[in-house]
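Undergrad: Predicted structure and sequence below. I'll ask about it afterward.
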Amino acid sequence: MKILVVGGGGREHALVWKISQSPLVDAIFCAPGNAGTEQIAQNVAISPEDIGALLEFAKSNGVDLCVVGPEAPLVAGIVDEFSKEGLKVVGPRRDAARLEGSKAFAKRIMAEYGVPTAEFKTFDAPADALAYIRDAGAPIVVKADGLAAGKGVYVCRTLDDAERAVDEIMVQRKFGASGDRVVVEGFLAGEEASFIVFTDGRNILPMASSQDHKPVYDNDEGPNTGGMGAYSPAPVVTDEVYGKIMERIMEPVIRGMKREGREFRGVLYAGLMIVDGEPYVLEFNVRFGDPETQPLLVRMKSDIVPILLGCTDTLEGHSIEWDDRWSVCVVMASGGYPGKYEKGKEIFGLDKIDDPDVVIFHAGTKRVDGKVLTSGGRVLGVTALGDSLEEAQRRAYSAVEKISWDGVHYRRDIGDKAKKWLGA
């Protein structure tokens, strides 16, 4: 069969890498792809948001299944358009993708179906938001309602921070129309975790637990990014917490969306805060996480393709076998990210990585005249397996140290949060 993967980041390289291992697959296309995907798939120069061109390509090239990486095309209705033509796509339709497309909508669904989350209010006017914030006090969280590439959440330790967040989102319109409305919610103190499931709208097939690292600097300091690294499993998700996540969050939301006439199929990601053993939802994403997908897929022993197909039909009878080892993904980013950064820097050292338990997933890269250059904020996801967390970290960082370009930046503490659970 022929599969089209939509997107050009590290998540998409990981998906192409995993899909390429399936005996069911004859050809893989990636639109637009990057310097990593081109080694195992045919890159196609189409933007992920050009749904018309993607549909035409899929029809003319006999694509059997489309796997959508980023959120924007899902929120824009790529599944609806492909489905009209009888083409299979992994992901929710536009009306269900609102779980990520609107934080206010997601909060309404959580309130309606009793899903644990922080107390919140939504505001369309900056003055109203500021008045509420001044009355509530800090710490407090301010979120742009719409899509903001993972950068629209402000964890505000002071009132000045919160006022600045409202100004950036609603007055300066840093995120455009995504900031027409804000969600202001209570601050939850705990430990974050990521929980991702496959679903056909009824059956739920969970992936292993993982933990992202959003802030740009070590010790979770600095502004939020799309994610600076991840590891799996996340020991904060104990067996008891796992049960609570399924029973109190995943099952009610998927049942509730069906009751609302918005059946959710595809991949549902819950960004969680675990507070004293109780899971609370910070956000929902309607697709694979990035960078969580990278450490998860190197641990997945099962063929992913039957599972992806199951999301479009039924997942009944499906299961996933996992590698017992740990995995750690360290994101190497352009200097200045998540702010302004330069592109076109030559990357050195990729040919020095010879550890079979290390996979270099490309994100913001392109190949020009035989050289691999930076072309985005997050550039590489160096991902390693190990029998212990420490071994996976050592392998990942050993590879990271062999790779360089002008201005490279990465966190040096990916995975360290797990150590307190391991007695390290």
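TA: Structure's in. What do you need?
Undergrad: Lowest-scoring secondary structure element of this protein by mean pLDDT?
TA: Ranking every helix and strand in the chain by mean pLDDT, DSSP states H and E puts strand 221-224 at the bottom, with a mean of 90.
Undergrad: Would you point out which residue is most central in the chain?
TA: Central residue of the chain (C-alpha atoms, centre = their mean): Gly289, 1.9 Å from the mean position.
Undergrad: and that one, what is it in contact with?
TA: Gly289 makes contacts with 11, 194, 196, 210, 212, 227, 230, 269, as judged by C-beta atoms under 8 Å, 6 or more residues apart in numbering. (Each C-beta comes from the backbone N, C-alpha and C, glycine too.)
Undergrad: Can you tell me which of the residues you listed has the most neighbours?
TA: The residue in the contacts of Gly289 with the most neighbours, by other C-beta atoms under 10 Å, is Ala230 (28 neighbours).
Undergrad: Can you give me the distance of that one to Asp413?
TA: Distance of Ala230 to Asp413, given as C-beta to C-beta, to the nearest Å: 12 Å.
Undergrad: joint contacts of these two?
TA: Contact criterion C-beta under 8 Å, 6+ apart; residues shared by Ala230 and Asp413: His213.
Undergrad: Would you map the strands across the stretch 301-424 of the chain?
TA: With strands called from DSSP state E, counting those that start in this stretch, the stretch 301-424 of the chain shows them at 326-333, 358-362, 365-368, 371-374, 378-386.
Undergrad: Serialize those to JSON lines and add fields for distance to Phe348 and mean pLDDT.
TA: Output for those, formatted as JSON lines (distance: least, C-beta to C-beta, whole Å; pLDDT from 0 to 100):
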{"stretch": "strand 326-333", "distance to Phe348": "12", "mean pLDDT": "98"}
{"stretch": "strand 358-362", "distance to Phe348": "13", "mean pLDDT": "98"}
{"stretch": "strand 365-368", "distance to Phe348": "13", "mean pLDDT": "98"}
{"stretch": "strand 371-374", "distance to Phe348": "9", "mean pLDDT": "98"}
{"stretch": "strand 378-386", "distance to Phe348": "12", "mean pLDDT": "98"}
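Undergrad: Pipe the ones you listed into TSV and attach mean neighbour count and distance to Ser398 per row.
TA: Converted to TSV, those look like this (neighbours: other C-beta atoms under 10 Å; distance: least, C-beta to C-beta, whole Å):
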stretch	mean neighbour count	distance to Ser398
strand 326-333	28	11
strand 358-362	25	8
strand 365-368	18	21
strand 371-374	20	20
strand 378-386	27	8
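Undergrad: Could you save the ones you listed as TSV and add columns showing distance to Leu24?
TA: Shown next, in TSV, are the strands of the stretch 301-424 of the chain (distance: least, C-beta to C-beta, whole Å):
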stretch	distance to Leu24
strand 326-333	24
strand 358-362	21
strand 365-368	28
strand 371-374	30
strand 378-386	24
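Undergrad: nearest to Pro32, of those strands?
TA: strand 365-368 (9.5 Å; C-beta to C-beta).
Undergrad: can you list the domains in the protein?
TA: 2-91, 119-186, 191-312, 326-419 (automatic domain parsing).
Undergrad: Can you add distance to Ser102 and give the ones you listed back as TSV?
TA: Listed next are those as TSV, based on distance: least, C-beta to C-beta, whole Å:
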stretch	distance to Ser102
domain 2-91	9
domain 119-186	6
domain 191-312	10
domain 326-419	22
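Undergrad: now for the ones you listed, which one comes closest to Ala104?
TA: Per C-beta to C-beta, nearest to Ala104 of the domains of the chain: domain 119-186, 4.5 Å.
Undergrad: Next, give phi and psi for Leu4.
TA: phi -110, psi 120 (degrees, to the nearest 10).
Undergrad: how many neighbours does it have?
TA: 26.
Undergrad: That one contacts Val67, correct?
TA: Yes. Using C-beta atoms under 8 Å, Leu4 is in contact with Val67, at 7.2 Å.
Undergrad: mind listing the helices for the stretch 201-350 of the chain?
TA: Secondary structure of the stretch 201-350 of the chain by DSSP state H, counting those that start in this stretch: the helices cover 239-245, 251-259, 293-299, 304-312.
Undergrad: Now do the buried residues in the helix or strand hosting Val183.
TA: Using DSSP states H and E, the element containing Val183 is strand 182-186. Applying a neighbour-count criterion of 16 or more other C-beta atoms under 10 Å, one finds 182-185 buried in strand 182-186.
Undergrad: wait, which of these is closest to Gly77?
TA: Closest approach between the buried residues of strand 182-186 and Gly77, by C-beta to C-beta: Val183, at 23.1 Å.
Undergrad: dump the residue contacts of that closest one.
TA: 103-104, 107, 120-122, 142-143, 145.
Undergrad: What confidence value was assigned to the closest residue to Met170 other than its chain neighbours?
TA: The shortest distance from Met170 to any non-neighbouring residue, by C-beta to C-beta, 6 or more residues apart in numbering, is to Pro126 (4.4 Å). pLDDT, Pro126: 97.
Undergrad: can you count the residues close to Pro126?
TA: For Pro126, using other C-beta under 10 Å, the count is 16.
Undergrad: ok, now Glu168?
TA: 17.
Undergrad: and it, what pLDDT?
TA: Glu168 is assigned 97 on the pLDDT scale.
Undergrad: and it, what does it touch?
TA: 154, 174.
Undergrad: hmm, try it at 6 Å
TA: Lys174 (C-beta atoms under 6 Å, 6 or more residues apart in numbering).
Undergrad: I'd like the distance from it to Ala144, if you could.
TA: 9 Å.
Undergrad: do Ala41 as well
TA: 33 Å.
Undergrad: what's the answer for Val275, then?
TA: Applying C-beta to C-beta to Val275 and Ala144 gives a distance of 24 Å.
Undergrad: quick one: which of these two has more around it?
TA: Counted by other C-beta under 10 Å, Val275 and Ala144 do not tie: Ala144 has more neighbours, with 26 against 14.
Undergrad: Please verify my assumption that that one contacts Asp180.
TA: No. Assessed by C-beta atoms under 6 Å, Ala144 is found out of contact with Asp180, at 8.8 Å.
Undergrad: Give the burial count for Asp351, as a bare number.
TA: Other residues near Asp351 come to 9 when the count uses other C-beta under 10 Å.
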